[in-house]
Structures are given as C-alpha cells and as structure tokens.
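Engineer: Provided below are the primary sequence and the corresponding predicted coordinates.
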Amino acid sequence: MTENTPDVSVIIGAYEAMPYLVKCLASVEAQTLGADRIEIVAVDDGSTDGTGEYLEEFAARSKVATRVVRQANSGGPSGPRNTGLALARGRYVFFLDADDHFGDEALERLVTMADRAGTDVVLGRTVGVNRNAAKSMWKETVERADIYRSNVKYTLSAQKLFRRDLLVRHGMRFDESLTTGEDALFTLEAYLRGSGVSVVADYTCYYLVGREDGKHLTKTGGYVPRFASARALTELIAAHVPAGERRDLLMMRPFTVTLLPQFGPVVLRQPRDVLLAKMELAAPLMAAHWTPGLAGRLKTEDRLRLTCVALNRPDALVDVVTRLQQGPPPERVRRWGREYLAYPHFRDPAVGIPDSAYEVRGAPGHLGVTRRRARRLAGRVLRRAGWARGST
C-alpha cells in the first residue's frame, strides 16, 4: 500500500437518488475517520432527476476525494457497485446506498475493528428509518463471530466493510444476472472466503432509510427472481461447506428467509397455478438441500410447511396455512415420549406426511427431555434420602 492509499473507498451506486443523496454524501464528509483517509467512488446509473449533476457538484467542492462515473441505466444495483469496485483504491470498501447515511463515527469504528481483529468483513449496527432493519445480530460487539451459529448469517445486505484484497484476490463481483438477492450472494461468499467476520454493535453505524416514494428494489419483482436467488445461495453454500451440521446451519438462511415466505399466507391469495409453479421451482432445491438436520432446526409450523413443499403436497400446504391463519391452536398429542402438534393431515395415510414434520423439538413440554430430567431428579432425591438414613 502506498502512502496515498485511502483506508476506505465508499462506493455509492445512485439511481434517481434525490434528495436523499444530499444527506448520504454529507454523512461521508462528517466521518471522524478524516477526509484524507476516505475516497468516494460514485456511479450515477442513468438518473434523470439531477443525481448525476449533484454528484459532480459535490466532487468539485468536497474535501473527500470523489470520482464520479455516469453510465446508462443497468437495471439494478449490481452494475454500479461493480463499476465502483473496479475503480476503488482503498484498503477497505464500503457499499453505501444513496438513500441511506452513516453515523459520524461509523468508518473509524469499522476500520479500527477490522485492523485490530484482522477480519475481512465488519458489520456495523444498522437501524431503520421509516422501514424495518434486522435486529437480532446487534446484541453485542464481537471480534470474531461464528457465521454458522450466530445471527450474522441473517444480515447479508451489502452495507458492510469489506477488505478489498479479499475481493480482488477472489475476483468477487455482484452477480448482475440476479435481480434480487445479489447482495446476499456476494456477502455470504465474503463470509465463507474471508478470514473472519466482526460485529460492531455498540454504535449505530448505518441508517437504512425508507423512501417516502416507496422505491425499494427489495419490494419489486415477482416470485421467480426469489427462487433464482435461493438457488444461487444454496449452491454457494453447498460448494463451500461439506454436508453436515455447519451446512445445515447456513442453509437455514435461504430456506427460512427466501423460500418460506413464498409458502405462507400468500398462497391463500394467489391463484392455484402460481402455487403449482412455485412448487415446481422449489422442487430441485428441496431435493438437493432439504435434510433432516435442517428440518429439525426449524419451528414445527415452518418445518411442516416446507415438508409439504418437499413432498409436493400443495393441497395439504393450503390446509396447513389456512389453519395457521384462521384456526384454533392445534391439539398437542403425546406418544412414546414425543410431542406433536396435530395440524391438518397429522397421521393421515392418504397424504403421507411423516410424524417428524409435526413434532415439537426442544420445547419445554417435550416429554423426552422432561422424563430424562425427572429421572435425574429422582435419582438425586433417592441418593440424598439413602445418605440421610444411613447417617442416623
């Protein structure tokens, strides 16, 4: 690295980003890391609302070195991010969406963490402004998170600090063929290829802004791109993680976040031919990656729905979802130390859904656990009683 190498290249892909872009850029200028340690690579993706002109005006007056590229619209965020990544010079890169903005100390804290921990990806606490943001991974600051067992696998957006050497070494780019989930694929690959993932949870680094005009790419597009995203993510996991517990743990992310919503209440509102098309799209994913280890980690209701998909039982799925939405709580059935929730088609031989799909796993009322605890407690009581009798 030369003396003039910035610590961070902030890559901003911008399309029709006014007036949000004003606050976005101001938040980069306000960074405590210092203007001399930051560069901005801003890519106007064919805007017509003055975004490109504002970027050029900003570049001409800002103390932060700013390079502006104006290109024809690419149709999604991957194109401008790839353009910016190819031009970046920093030790680290951060993909900042033009609608969003930083907390003042964000880059200083993220770089400090990456340098101290030697990790290749750093997540900064993110909060939503007029929209929801993931919360479960911000409980504590962690120098090295377990990507398999922690909740970092549930935040795969691109708004993170990445060590640029990692991305260059592996030729990593955003998949421009995907219209949704391209950031999840990129980020998870960085998790898997990198030297570790850190979490900065004690400071709000990033503000995820909900636009008043509702223009969020994640809200657009039909169901077909969702299945393409799930397929790409499952294939990435399978390519990097051998079959077994760790693969099952990572597979929970595409199965619960991407696939499961396609087979929830929406099936009661969509035409039957759409449900059948979704089942067909899901079939190869279920055949390749739906395992007992993965199924056993899901809540009963989620496991049951996905089992219906895996067995190609669309009518049973509709019955289960209808009961979940409208019916009373299911009867709890206990048999041979196990507990089941008797949702529709429980032990119906004509449908053939296995009991394991209905089983309550690890719940407080799980009789297998309860009886083992009772036996241990009884043993302790008897031992203490025997000792007491012998001592009198």
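Structural biologist: Good, I have the coordinates.
Engineer: in this structure, what secondary structure element scores lowest on mean pLDDT?
Structural biologist: Least confident helix or strand, the chain: helix 367-390 with a mean of 41, by mean pLDDT, DSSP states H and E.
Engineer: show me where the protein has its helices.
Structural biologist: For the chain, applying DSSP state H gives helices covering 20-29, 51-61, 78-87, 106-117, 164-169, 182-193, 224-240, 245-253, 272-289, 292-295, 300-310, 314-326, 367-390.
Engineer: let's have those in a markdown table, adding mean neighbour count and distance to residue 8.
Structural biologist: Bear in mind the C-beta positions are built from the backbone N, C-alpha and C, glycine included. Formatted as a markdown table, the helices of the chain follow (neighbours: other CB atoms under 10 Å; distance: least, CB to CB, whole Å):
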| stretch | mean neighbour count | distance to residue 8 |
| --- | --- | --- |
| helix 20-29 | 20 | 9 |
| helix 51-61 | 17 | 17 |
| helix 78-87 | 20 | 12 |
| helix 106-117 | 20 | 5 |
| helix 164-169 | 16 | 9 |
| helix 182-193 | 22 | 16 |
| helix 224-240 | 19 | 26 |
| helix 245-253 | 20 | 27 |
| helix 272-289 | 16 | 36 |
| helix 292-295 | 16 | 37 |
| helix 300-310 | 21 | 39 |
| helix 314-326 | 17 | 46 |
| helix 367-390 | 11 | 49 |
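Engineer: mean pLDDT lowest for which of those?
Structural biologist: Lowest mean pLDDT within the helices of the chain: helix 367-390, at a mean of 41.
Engineer: tell me who's in contact with residue 151.
Structural biologist: 134, 136, 137 (CB atoms under 8 Å, 6 or more residues apart in numbering).
Engineer: nearest to residue 202, out of the helices of the chain?
Structural biologist: helix 106-117 (8.5 Å; CB to CB).
Engineer: can I get the closest one in PDB? Just the C-alpha atoms.
Structural biologist: The C-alpha atoms that make up helix 106-117 are tabulated as PDB, following Å, rounded to 0.1, in the frame of the first residue of the first chain:
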ATOM      1  CA  ALA A 106     -19.000   4.600  11.600                       C
ATOM      2  CA  LEU A 107     -16.000   4.200   9.400                       C
ATOM      3  CA  GLU A 108     -13.500   5.000  12.200                       C
ATOM      4  CA  ARG A 109     -15.000   2.300  14.300                       C
ATOM      5  CA  LEU A 110     -15.300  -0.300  11.500                       C
ATOM      6  CA  VAL A 111     -11.700   0.200  10.300                       C
ATOM      7  CA  THR A 112     -10.400   0.000  13.900                       C
ATOM      8  CA  MET A 113     -12.200  -3.200  14.400                       C
ATOM      9  CA  ALA A 114     -11.000  -4.800  11.100                       C
ATOM     10  CA  ASP A 115      -7.400  -3.700  11.800                       C
ATOM     11  CA  ARG A 116      -7.500  -5.000  15.400                       C
ATOM     12  CA  ALA A 117      -9.300  -8.300  14.700                       C
END
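Engineer: the inter-axis angle of it versus helix 20-29?
Structural biologist: 50 degrees (axes from the mean of the first three to the mean of the last three CA atoms, to 10 degrees).
Engineer: what lies in contact with helix 106-117?
Structural biologist: Residues contacting helix 106-117 (CB under 8 Å, 6+ apart): 7-8, 10, 31-33, 38, 92, 94, 119-120, 122, 124, 141, 143-144, 161, 163, 196, 198, 200, 203, 205-206.
Engineer: could you identify the buried members of those?
Structural biologist: Among the contacts of helix 106-117, those classed as buried by 16 or more other CB atoms under 10 Å are 7-8, 10, 31, 33, 38, 92, 94, 119-120, 122, 124, 143, 161, 163, 196, 198, 200, 205-206.
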